[in-house]
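Trainee: turn this into a structure:
(chains A and B)
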Number of protein chains: 2
Amino acid sequence: MKHSVPVVPGMRAAGVHCGIKDADLDLALLVSDTPASVAGVFTRSTVVGAPVSLCRERVRRGTARAIAINSGISNVAMGKRGLRDAVNMAAAAARAVGVAEEDVLVASTGVIGEPLPMRKIRAGVAQAAAALVPQGLPAAARAIMTTDTVPKLAQRVVRIGRREVTLAGIAKGAGMIEPDMATMLSFLLSDVAATPAFLRRTLREVADRTYNRLTIDGEGSTSDTVLLLANGVAGHAPLRGPGSPGAARFRDALGDLATQLVRALARDGEGATKLITVRVRGARSHREAQAAARRIANSVLVKTAIFGGDANWGRILQTLGAGRTALRLERTRVTLAGVTVFGNGVSAGPAARRRAAKRLQAAEVDIEVALGAGRGAAELWTCDLTTDYVRINAEYTT
Amino acid sequence: MKHSVPVVPGMRAAGVHCGIKDADLDLALLVSDTPASVAGVFTRSTVVGAPVSLCRERVRRGTARAIAINSGISNVAMGKRGLRDAVNMAAAAARAVGVAEEDVLVASTGVIGEPLPMRKIRAGVAQAAAALVPQGLPAAARAIMTTDTVPKLAQRVVRIGRREVTLAGIAKGAGMIEPDMATMLSFLLSDVAATPAFLRRTLREVADRTYNRLTIDGEGSTSDTVLLLANGVAGHAPLRGPGSPGAARFRDALGDLATQLVRALARDGEGATKLITVRVRGARSHREAQAAARRIANSVLVKTAIFGGDANWGRILQTLGAGRTALRLERTRVTLAGVTVFGNGVSAGPAARRRAAKRLQAAEVDIEVALGAGRGAAELWTCDLTTDYVRINAEYTT
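Mentor: The predicted structure is shown next:
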């Protein structure tokens, strides 16, 4: 990740310890000094946490000023109390920052089945509001962590017209552990000038090829949330549609930012030792390619093989077959860490397999499958499945 | 499993060592002394092994006399050579036993990417033919094992009219390990008198609620095969349809036999410490119930929690939500090992969770989810996901 501290003009952030966790930072606050356009993408789970319900509704208004996030305790399956707590958490942040209640968004992540400790949360947002600084993103990134081993933080700068536009973002863990229901959260800030409609479309597009291309264990969460705040402080003509000057550049920069965060999430998957990029091409459609890539990325057999450094093309073909991918083996090629181990319907032989196995020792490895049936292509990120993953997830107790 | 040796009148079996594996039995032969009705169900993978292609075609004829099975090397992704080898393996068995070539079925299980060692196979079937005995099923059960730790063998006796009808079966491992592509194989023998059409319908019905309700790691294989041979030696009026006297009793006995084998497979899943039965009811349809049960049974988070003895209802709700199961939490109940841990939209509290956790130490545990939305119900078997599973599957090398 970037080493210089990301600063977005007109944005301040803080991360504090309010006592939900024993010692670590557990409450983050992100604030725009002026009203900002906002967009969000959320979990597609049929069960969602109260913060997601609140955000979905408020994001529709198109503008926001602040986001308050706590870690340690989630706010899921708590019925009416959960919704009330989410509203009260936003209200407390609104008071502390001095903005309207409905301009505040919230997110919570951590164990479920316990109510939010509202006294601590109220004290926490007040403390965080007092600590807000332009250089506060690293602390905020730390305060939203649950089982992450490192904070995730990224920054991009792009020129739009004569102005320099900054984008910065933080994200937290996509593995599912201590949390009962863990969560992928990511918050993106920019001084770009853009309409809410433009932000919404652009974030959706970018999320589809970044956040939605990450799979750690095939499990989505009840609270997955990505929010983008843009305050327009850069001062160029607002981006309104794909034809606006600079729109494509902003979209690409947002894509790069999200990609960097997502790859960091995959690399830090629970117990992971390797970042795996799965690429499928030659499918009859993009949709088929994506289903095939997802099948590979979620196969426990493939993921344990990669953990073991085993160039096991058989497991890849088998999981594709079982997933009903149309396969003509004589046209199929499997390439592992750059070495083709299966092609033209047959194994490339033990020497190729050994060569691939050696390269699979790297911290970043590619699984590439060419189906030879069409032009459909897809790319996904995941990580290996390790004994540590099982240990972490088995040894969690209430 | 049953301790007395199952014997089916008019059927003989053998299991021998022909040198594919280093020391273990690796070739099985099952023979009916007279022409038998036959039915089969096979993998739905889009990639299938050559033996499956051969069996699918020959089973259509409705009769068969023998099944030859080898373990150690599979016969998958070997192109035309694979098909030729499957045909030649059947021909060799036909010669050795003295039956027509097209009356012989074959199956292979083991590592893929290597050709069948046909010299060893030919010698093996001759050796097995010479060893055929009515009491040969235990040896055959042993000879089809790959990563199984115990042979699977079951027997049932049922009365049809005045005749005693015997059913016996063997099965092998549903985990996916040494094999690159491992396989669930099961072979069922009976002296029942029945038409091929009756057998086909009955086996399909039974398989749908037994073999197709087993999931170890969400991976189907390219070679999954269940074959049923029935030679009519019992001498009653042949079963022709659901209205034939004794038809229901036979179907139930076949169901019991298959259930016993399938539970044994689940219990012996790779690295497994627990047999898990997943029951979902109250779904809007059976199909929805089955999708929900499958979602739970294949969730690595749920399976690692059960391994760890953690009564983690959160992970169950989360995986259902992510799988798009329609959930109304206030009507949903989650019962683990007989203890309700979530009901009426809220946690049943830490004491219930501790009580459930204690009971989850048992070798057989139930996960029950009541959705309160309708009458759809489903049951599935699986096993826990353990550090040993990962170790076994990661440490396999070529």
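
Trainee: is the helix or strand harbouring A:K80 up against chain B anywhere?
Mentor: Here A:K80 sits within helix A:79-97, counting by DSSP states H and E. Yes. Counting by CB under 8 Å from any CB of the partner chain, chain B is contacted by helix A:79-97 at A:G79. In short, each C-beta sits where N, CA and C put it, glycine included.

Trainee: mind listing what's buried along that helix?
Mentor: A:82-83, A:85-94, A:96-97 (16 or more other CB atoms under 10 Å in any protein chain shown).

Trainee: for chain B, state which of those residues is nearest.
Mentor: Using CB to the nearest CB, A:G82 comes nearest to chain B of those, at 10.0 Å.

Trainee: residues in contact with the closest one?
Mentor: Contacts for A:G82 (CB atoms under 8 Å, 6 or more residues apart in numbering or on different chains) come out as A:G49, A:A50, A:N75, A:V76, A:P115, A:L116.

Trainee: and of these, the nearest to chain B?
Mentor: Nearest to chain B among the contacts of A:G82, with distances taken as CB to the nearest CB, is A:V76, at 7.7 Å.

Trainee: for chain A, which strand is longest?
Mentor: strand A:27-42 (DSSP state E).

Trainee: quick one, the very next helix or strand once past that strand and strand A:27-42 angle?
Mentor: Heading C-terminal from strand A:27-42, the first helix or strand you meet, by DSSP H and E, is helix A:50-59. If you take axes from the mean of the first three to the mean of the last three CA atoms, to 10 degrees, helix A:50-59 sits at 70 degrees to strand A:27-42.

Trainee: what pairs with the helix or strand just after helix A:50-59, and is each one parallel or antiparallel?
Mentor: Next in sequence after helix A:50-59, counting helices and strands by DSSP H and E, comes strand A:63-73. Paired strands of strand A:63-73, with direction, are strand A:27-42 (antiparallel), strand A:104-111 (parallel) (DSSP bridges).

Trainee: pick the most deeply packed of those strands.
Mentor: Highest mean neighbour count of those: strand A:104-111, a mean of 27 (counted as mean count of other CB atoms under 10 Å in any protein chain shown).

Trainee: and it, how far from the chain's centre?
Mentor: 15 Å (CA atoms, centre = their mean, to the nearest Å).

Trainee: what does the stretch 201-350 of chain A have sitting close to chain B?
Mentor: A:217-222, A:298-301, A:304-305, A:307-308, A:310-315, A:317-322, A:324-327, A:329-330, A:342, A:345-347, A:350.

Trainee: what about the residues you listed, which are in helices?
Mentor: A:300-301, A:304-305, A:307, A:313-315, A:317-322, A:350 (DSSP state H).

Trainee: between the residues you listed, which is nearest A:E368?
Mentor: The nearest member of those to A:E368, counting by CB to CB, is A:W313 at 11.0 Å.

Trainee: gap between that closest one and A:L320?
Mentor: 11 Å (CB to CB, to the nearest Å).

Trainee: could you find the closest non-adjacent residue to A:V302?
Mentor: Closest residue in space to A:V302, ignoring its immediate chain neighbours: A:R315 at 5.1 Å, by CB to CB, 6 or more residues apart in numbering or on different chains.

Trainee: ok, the one you found - how many residues close by?
Mentor: If you count neighbours by other CB atoms under 10 Å in any protein chain shown, A:R315 ends up with 28.

Trainee: got it, and A:E101?
Mentor: Count around A:E101 with other CB under 10 Å applied: 14.

Trainee: what's near enough to touch A:A289?
Mentor: A:V280, A:R281, A:A283, A:L371, A:G376, A:A377, A:A378.

Trainee: ugh, wrong one, A:T225
Mentor: By CB under 8 Å, 6+ apart, the contact list for A:T225 reads A:G40, A:V41, A:F42, A:T43, A:P51, A:V52, A:C55, A:A107, A:T183, A:M184, A:L185, A:S186.

Trainee: distance check, the residue nearest to the third one when sequence neighbours are not counted against chain B.
Mentor: Among residues not flanking A:F42 along the chain, A:V52 sits closest, at 5.2 Å (CB to CB, 6+ apart). Taking CB to the nearest CB, to the nearest Å as the measure, A:V52 and chain B are separated by 11 Å.

Trainee: all strands of the stretch 101-250 of chain A, in order?
Mentor: Along the stretch 101-250 of chain A, counting by DSSP state E, counting those that start in this stretch, strands occupy A:104-111, A:152-160, A:163-172, A:185-190, A:225-230.

Trainee: could you check the angle the helix ranked longest in chain A makes with strand A:163-172?
Mentor: Criterion DSSP H: the longest helix present in chain A is helix A:247-267. For helix A:247-267 against strand A:163-172, the angle by the same axes, to 10 degrees is 20 degrees.

Trainee: other residues contacting the helix or strand following helix A:247-267?
Mentor: Sequence-wise, the next helix or strand downstream of helix A:247-267 (DSSP H and E) is strand A:275-283. With CB under 8 Å, 6+ apart as the test, strand A:275-283 has contacts from A:263, A:266-267, A:289-290, A:292-293, A:296-297, A:303, A:306, A:325, A:331, A:363-384.

Trainee: isn't A:F342 up against A:R353?
Mentor: No. Using CB atoms under 8 Å as the test, A:F342 is too far from A:R353 to be in contact (9.2 Å).

Trainee: give the residues shared as contacts by these two.
Mentor: Joint contacts of A:F342 and A:R353 (CB under 8 Å, 6+ apart) are A:W313.

Trainee: those two: who's more crowded?
Mentor: Shown here are A:F342 and A:R353; by other CB under 10 Å, A:F342 has more neighbours (25 against 22).

Trainee: can you redo the buried residues of helix A:79-97 as JSON lines with pLDDT?
Mentor: Below are these laid out as JSON lines (pLDDT from 0 to 100):
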{"residue": "A:G82", "pLDDT": "92"}
{"residue": "A:L83", "pLDDT": "94"}
{"residue": "A:D85", "pLDDT": "97"}
{"residue": "A:A86", "pLDDT": "97"}
{"residue": "A:V87", "pLDDT": "98"}
{"residue": "A:N88", "pLDDT": "98"}
{"residue": "A:M89", "pLDDT": "98"}
{"residue": "A:A90", "pLDDT": "98"}
{"residue": "A:A91", "pLDDT": "98"}
{"residue": "A:A92", "pLDDT": "98"}
{"residue": "A:A93", "pLDDT": "98"}
{"residue": "A:A94", "pLDDT": "98"}
{"residue": "A:A96", "pLDDT": "98"}
{"residue": "A:V97", "pLDDT": "97"}
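
Trainee: okay, and for the stretch 201-350 of chain A, where does confidence drop off?
Mentor: Across the stretch 201-350 of chain A, the ranges flagged by pLDDT under 70 are A:220.

Trainee: once you drop chain neighbours, what's closest to A:D85?
Mentor: Of all residues beyond its chain neighbours, the one nearest A:D85 is A:L116 (4.5 Å), with distances taken as CB to CB, 6+ apart.

Trainee: please spell out the PyMOL selection for the buried subset of the ones in helices among the residues of the stretch 201-350 of chain A next to chain B.
Mentor: For the buried members of these, the matching PyMOL selection, counting by 16+ other CB under 10 Å, is:
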select buried, chain A and resi 300+301+304+305+307+313+314+315+317+318+319+320+321+322
